[in-house]
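my questions concern the predicted model and sequence given below.
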Amino acid sequence: MKEVIGIVAAALAFVAYGPYLRDMFRGKTYPHPYSWFIWGFLTAIIFALQISHGGGAGSYVTATVAVLSFVIFFFGLKEGVKDITRSDTIFFILALVATGAWLFAKQPTLSMVLLVGIDILGFLPTVRKAWSNPQGETLFTWSLNSFRHALSIVAIQKYSLLTVLNPTVWALANFAFSIMLIVRRRQLFHPK
C-alpha cells in the first residue's frame, strides 16, 4: 500500500508542476533561479539520505521533485525572474556556503536538519519576489505541493526524523506560501 501511495505522491508532483511550467512558458509565472537551483541540488542530497535510512516509497516524491526543480531552474534561466536583488544573492551564497556544513556533520540526522534548513533559506528569494508580485506564481502548484508532501509522509516505510523532516517542513512551507499568495493577491488586486 505504501508503494502505491509513494507512486501517487510522485505522480502528483508532475500534476503540480505541469501548470507551473505552462504558466512559465506563457510568461505568467517567473521562477527565481536561485531558489530552484538550491531546491534541485539539496533535494537530490535529501533523497539520498532518505532512501539510505529507510524512506522507501515515501522518498519517491523527493527524487521527482529534485529532477523537476532542475528542469524549472534550467528553463527559468531564460523565462524566470530578472530582478534579482542583493538580498537574493546573499541568501543564495549563504545557502551554498551552508551546504558545505552538512558535509562535516558526521551524524545523518544533523545533516538532514541542516539540509532542510538550508533548503528553506533557498525559498526566501521566491518569497520576496512573490510578496511583491503574487500573480507571478502558480497558486495551484504550491497548494498541491502541500498535499503531495503530506501524502508522501504516509508512504514512508520507516519513520524517523531523517525520513519525515523534509516532507513535513515542505508541506507546511507550501501551505503557508499558498496562504500568503492568496492574501497578497487580495490585498493588491481587491483592496477594500
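Perfect, I can see it now.

return the helix or strand in the protein with minimum mean pLDDT.
Least confident helix or strand of the chain, by mean pLDDT, DSSP states H and E, is helix 86-104 with a mean of 79.

could you list the buried residues of the lengthiest helix in the chain?
Across the chain, the helix with the greatest residue count (assigned by DSSP state H) is helix 161-189. Of all the residues in helix 161-189, those buried under the rule 16 or more other C-beta atoms under 10 Å are 162-171, 173-175, 177-178, 180-181, 184. All C-beta atoms are positioned from the backbone trio N, CA, C, and that covers glycine.

pLDDT score for Pro191?
Pro191 is assigned 69 on the pLDDT scale.

now Leu110
pLDDT, read off for Leu110, is 81.

residue contacts, Ser59?
Contact analysis of Ser59 by C-beta atoms under 8 Å, 6 or more residues apart in numbering lists 6, 47, 50-51, 152, 156, 163.

nearest residue to it in space, please, no chain neighbours.
Gln50 (4.1 Å; C-beta to C-beta, 6 or more residues apart in numbering).

could you say what helices and strands the helix or strand hosting that neighbour packs with?
Here Gln50, judged by DSSP states H and E, is contained in helix 33-52. Secondary-structure packing of helix 33-52 (3 or more C-beta pairs under 8 Å, 6 or more residues apart in numbering; DSSP states H and E): helix 60-79, helix 86-104, helix 108-121, helix 124-132, helix 161-189.

of the ones you listed, which is nearest Ala13?
Across the helices and strands packed on helix 33-52, Ala13 has its closest neighbour in helix 60-79 (4.4 Å, C-beta to C-beta).

so the closest one versus helix 161-189, what angle?
Inter-element angle recorded for helix 60-79 and helix 161-189: 40 degrees (by axes from the mean of the first three to the mean of the last three C-alpha atoms, to 10 degrees).

can you list the neighbours in contact with stretch 126-138?
Under C-beta under 8 Å, 6+ apart, the answer for stretch 126-138 is 19-20, 23, 28-32, 35, 81, 83, 85, 87-88, 177, 180-181, 184-185, 188-189.

rerun at 7 Å
Here stretch 126-138 makes contact (C-beta atoms under 7 Å, 6 or more residues apart in numbering) with 19-20, 23, 29-30, 32, 35, 81, 87-88, 177, 181, 184-185, 188.

same question for that stretch, mean pLDDT?
Rounded mean pLDDT across stretch 126-138 is 93.

is Phe37 in contact with Phe73, as I believe?
Yes: in this structure Phe37 lies within contact range of Phe73 using C-beta atoms under 7 Å: 4.8 Å.

mind showing which ranges of the protein have poor pLDDT?
Where the chain drops to pLDDT under 70, the residues are 102-103, 105-106, 191-192.

how about the spatially most central residue of it: what's its closest non-neighbour residue?
Among the residues of the chain, the one closest to the centroid is Trp39, at 5.7 Å (C-alpha atoms, centre = their mean). Spatially, and ignoring its direct neighbours in sequence, Trp39 is nearest to Ser69 (4.2 Å; C-beta to C-beta, 6+ apart).
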